[in-house]
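1. have a look at this prediction, sequence included:
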Number of protein chains: 2
Amino acid sequence: MADTSWPGCSKSLKGVILDLCGVLYESGEGDGVAIPGSIEAVKKLKASDLQLRFCTNETQATREKFVAKLQRLGFDISVSEVFSPAPAAVAVLKERGLRPHLLVYDGLLPEFDSVDKTNPNCVVIGDAAEQFSYENLNEAFSVLIDLENPKLFSLGQGRYYKETDGLKLDVGVYMKALEYACDLKAEVVGKPSPTFFQSVLNDMGLQPHEALMIGDDLVNDVGGAQNCGMKGVQVRTGKYRPSDERHSTVMADGTVDNLAQAVDMILNQRH
Amino acid sequence: MADTSWPGCSKSLKGVILDLCGVLYESGEGDGVAIPGSIEAVKKLKASDLQLRFCTNETQATREKFVAKLQRLGFDISVSEVFSPAPAAVAVLKERGLRPHLLVYDGLLPEFDSVDKTNPNCVVIGDAAEQFSYENLNEAFSVLIDLENPKLFSLGQGRYYKETDGLKLDVGVYMKALEYACDLKAEVVGKPSPTFFQSVLNDMGLQPHEALMIGDDLVNDVGGAQNCGMKGVQVRTGKYRPSDERHSTVMADGTVDNLAQAVDMILNQRH
């Protein structure tokens, strides 16, 4: 019978999904910094027989710019391996004939170039950071409150993330703000949405039990993956906090110091 | 047997509590504008045998400045008749030995002059309007997330209010944002907190069934007063929206076009 506990479950794995910010690197001034050992760890995974994908809720830049940054930091990574919320949202908007008012970081706007934004009938928010001004949030609110069927899409639902100079409020905080202001429930595009994880599994052609997610966000990475039937391992880098290890509802299958340790444990099981 | 329905209940009333913004006046550029008939309505109440108090969640200015504005608009009103959240919060902070980090409108700061704000061990937020920048919200978040027992006080919990140029997001929206970011529940000071309404009743020396609240906010004015055992009447001015009249949980005892109409109905019953 297959070992389903961590790290024994690594023997039967066929694919690994990695979160980016807080796992591969810490964001901050300029490109941020690679987390020690993570460049080598990605190399080892690529040299193995495991499939590898990257799954991020990053919404401050287009995938192209974001991947170029990671390449400058030294990572072997390409755009086709990266899943992020904006392209997923564009697909949903087109499918449903929705025209968004966008409250997103300027750097993300090109992802929505192909979408009709005239006379908006929904609002899309991403991690707009300092562009989450009172004026901009009030504008998004005004669009929603005037709609007969207000519809809010949130690119992720994170509480906060870690930059080199401290913790920063993430998009989920502003999603909750608009939900309360307009008395509605947002639709989350990105992690932990099961639709989003499933699209990554589909791309690899794998069943959930054949894949493992590694992330620094207990709820959105680990819990989200587990809800889809995958294993979820948390790293003690990025936004990790010791209290995560006694969380009331989510328990990681494993907790490791960093990506390098996780990858060594996985590959050791398979040798 | 006493008539407990609106407006028949007016016969046995001993006191009336009025909300200010959206009932007496609409805020906006400069002092805002008085709502037609409301100056005369306040005069009529003052000339009657009913006690009168004003109960507001206004937190953009000190009570002194705020009352001076209403006097300029033509209202017969004095500071001692007005109940607002900041003085109530100051009392709570002193009683519990708490030192606040303040995220409030600059105009409100003098209310907290007597409070020790060094090395903060709690956060107080008010309607900071354009001062609800990403930077300021992130700073309040950083204070809370570093505390062992994070404590957030919110001066009211309104969703939005109406200014002459449109609806504006209120403090409750940012309360929900910080609650989610820090995984905590804020303590609301001001309407609809029962403690707050009770302090107004105490000041008049009345039992709840002897008092009526008139406001434009269905949940915080009407529902809050009803939760304390008072009657609650909603005016169709200010932030009133037609959907309030089919709200899922709060039903006003009466709905009237404006304050002038409410006061005429009350006084007609008593003649």
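-> Arrived safely.
2. going forward, measure contacts and count neighbours with C-alpha atoms only.
-> Fine.
3. and for A:R236, nearest residue in space, chain neighbours not counted?
-> A:D257 (4.8 Å; C-alpha to C-alpha, 6 or more residues apart in numbering or on different chains).
4. contacting residues for the one you found?
-> Counting by C-alpha atoms under 8 Å, 6 or more residues apart in numbering or on different chains, A:D257 makes contact with A:V235, A:R236, A:T237.
5. what would these look like in a markdown table with secondary structure, pLDDT and neighbour count?
-> Listed next are the contacts of A:D257 as a markdown table, based on DSSP: H, G, I helix; E, B strand; the rest coil; pLDDT from 0 to 100; neighbours: other C-alpha atoms under 10 Å in any protein chain shown:
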| residue | secondary structure | pLDDT | neighbour count |
| --- | --- | --- | --- |
| A:V235 | strand | 98 | 26 |
| A:R236 | coil | 98 | 19 |
| A:T237 | coil | 96 | 22 |
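6. would you turn those residues into TSV with distance to B:T164?
-> Listed next are these as TSV, based on distance: C-alpha to C-alpha, whole Å:
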residue	distance to B:T164
A:V235	51
A:R236	51
A:T237	49
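7. circling back to that earlier point, how close does the residue nearest to A:R236 get to A:I266?
-> The gap separating A:D257 from A:I266 is 14 Å, by C-alpha to C-alpha, to the nearest Å.
8. hmm, who's touching stretch A:221-229?
-> Against stretch A:221-229 from outside (C-alpha under 8 Å, 6+ apart): A:19, A:191-194, A:197-198, A:208-209, A:212-215, A:231-234, A:250-252.
9. scratch that, stretch A:72-87
-> Counting by C-alpha under 8 Å, 6+ apart, A:31, A:33-34, A:39, A:42-43, A:52-59, A:63-64, A:67, A:70-71, A:108, A:111-112, A:155-156, A:189-191, A:196, A:200 sit against stretch A:72-87.
10. now what about the helix or strand of chain A with the lowest mean pLDDT, what contacts it?
-> The helix or strand of chain A with the poorest confidence is strand A:160-163; it has a mean of 86 (mean pLDDT, DSSP states H and E). Residues from elsewhere that reach strand A:160-163 (C-alpha under 8 Å, 6+ apart): A:G22, A:E26, A:S27, A:G28, A:L167, A:K168, A:L169, A:D170, A:V171, A:G238, A:K239, B:A181.
11. buried members of those residues into PyMOL, please.
-> The buried subset of these, as determined by 16 or more other C-alpha atoms under 10 Å in any protein chain shown, is captured in PyMOL by this line:
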select buried, (chain A and resi 22+26+27+167+168+169+170+171+238+239) or (chain B and resi 181)
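12. all helices for the stretch 151-271 of chain A, in order.
-> Taking DSSP state H, counting those that start in this stretch as the test, the helices found in the stretch 151-271 of chain A are A:171-182, A:194-204, A:224-227, A:259-270.
13. in TSV: the ones you listed, plus distance to A:N119.
-> Converted to TSV, the helices of the stretch 151-271 of chain A look like this (distance: least, C-alpha to C-alpha, whole Å):
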stretch	distance to A:N119
helix A:171-182	19
helix A:194-204	28
helix A:224-227	34
helix A:259-270	45
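14. most tightly packed of those?
-> The highest mean neighbour count among these, using mean count of other C-alpha atoms under 10 Å in any protein chain shown, belongs to helix A:171-182: a mean of 25.
15. adding mean pLDDT, write the helices of the stretch 151-271 of chain A out as CSV.
-> Below are those laid out as CSV (pLDDT from 0 to 100):
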stretch, mean pLDDT
helix A:171-182, 98
helix A:194-204, 94
helix A:224-227, 97
helix A:259-270, 97
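16. ok, which of those comes nearest B:Q261?
-> Comparing the helices of the stretch 151-271 of chain A against B:Q261 with C-alpha to C-alpha, the closest turns out to be helix A:171-182 (29.4 Å).
17. could you check whether that closest one is close to chain B?
-> Yes - remark: helix A:171-182 sits within contact range of chain B at A:G172, A:V173, A:Y174, A:M175, A:K176, A:A177, A:L178, A:Y180, A:A181, A:C182, by C-alpha under 8 Å from any C-alpha of the partner chain.
18. please apply the same query to stretch A:15-31.
-> No - Stretch A:15-31 lies out of reach of chain B by C-alpha under 8 Å from any C-alpha, never closer than 15.2 Å.
19. buried ones in that stretch, by neighbour count?
-> A:15-27.
20. in strands, which of the contacts of stretch A:221-229 fall?
-> Of the contacts of stretch A:221-229, the ones assigned to strands by DSSP state E are A:L212, A:M213, A:I214, A:G215, A:K231, A:G232, A:V233, A:Q234.
21. burial check on the fifth one, number of neighbours?
-> Pointing back at A:K231 there. Neighbours of A:K231 under the rule other C-alpha atoms under 10 Å in any protein chain shown: 28.
22. for it, give its distance to A:L212.
-> 5 Å.
23. which residues in chain A form strands?
-> Counting by DSSP E, the strands of chain A are A:15-18, A:25-26, A:33-34, A:51-55, A:82-83, A:100-103, A:122-125, A:152-155, A:160-163, A:166-169, A:187-189, A:211-215, A:231-235, A:254-256.
24. for A:L137, find the nearest of the ones you listed.
-> Here strand A:100-103 is closest among those (C-alpha to C-alpha), at 7.8 Å.
25. which elements pack onto that closest one?
-> strand A:122-125, helix A:134-145 (3 or more C-alpha pairs under 8 Å, 6 or more residues apart in numbering or on different chains; DSSP states H and E).
26. same thing but 7 Å
-> strand A:122-125 (3 or more C-alpha pairs under 7 Å, 6 or more residues apart in numbering or on different chains; DSSP states H and E).
27. what residues does the strand it packs on touch?
-> The contact list for strand A:122-125 (C-alpha atoms under 7 Å, 6 or more residues apart in numbering or on different chains) reads A:98-104, A:140, A:144, A:150-155.
28. try it again with 6 Å
-> A:P100, A:H101, A:L102, A:L103, A:V104, A:K151, A:L152, A:F153, A:S154 (C-alpha atoms under 6 Å, 6 or more residues apart in numbering or on different chains).
29. what's around the spatially closest residue to A:K117 that is not a sequence neighbour, how many residues?
-> Sequence neighbours aside, A:R99 is the residue nearest to A:K117 in space, at 4.9 Å (criterion: C-alpha to C-alpha, 6+ apart). When neighbours are defined as other C-alpha under 10 Å, A:R99 has 18 of them.
30. straight-line length of stretch A:43-57, end to end?
-> 22 Å.
31. name the residues of it that are buried.
-> Here stretch A:43-57 shows A:K44, A:L45, A:Q51, A:L52, A:R53, A:F54, A:C55, A:T56, A:N57 as buried, counting by 16+ other C-alpha under 10 Å.
32. just the closest of those to A:P120, please.
-> Distances from A:P120 to those, taken by C-alpha to C-alpha, are shortest for A:N57, at 23.9 Å.
33. can you pull the contacts of that closest one?
-> A:N57 neighbours (C-alpha under 6 Å, 6+ apart): A:S84, A:P85, A:G156, A:G190.
34. how close does it sit to chain B?
-> A:N57 is 17 Å from chain B, where distance means C-alpha to the nearest C-alpha, to the nearest Å.
35. got phi/psi on that residue?
-> Main-chain torsions, A:N57, degrees, to the nearest 10: phi -100, psi 20.
36. what pLDDT does it get?
-> Note on A:N57: pLDDT of 93.
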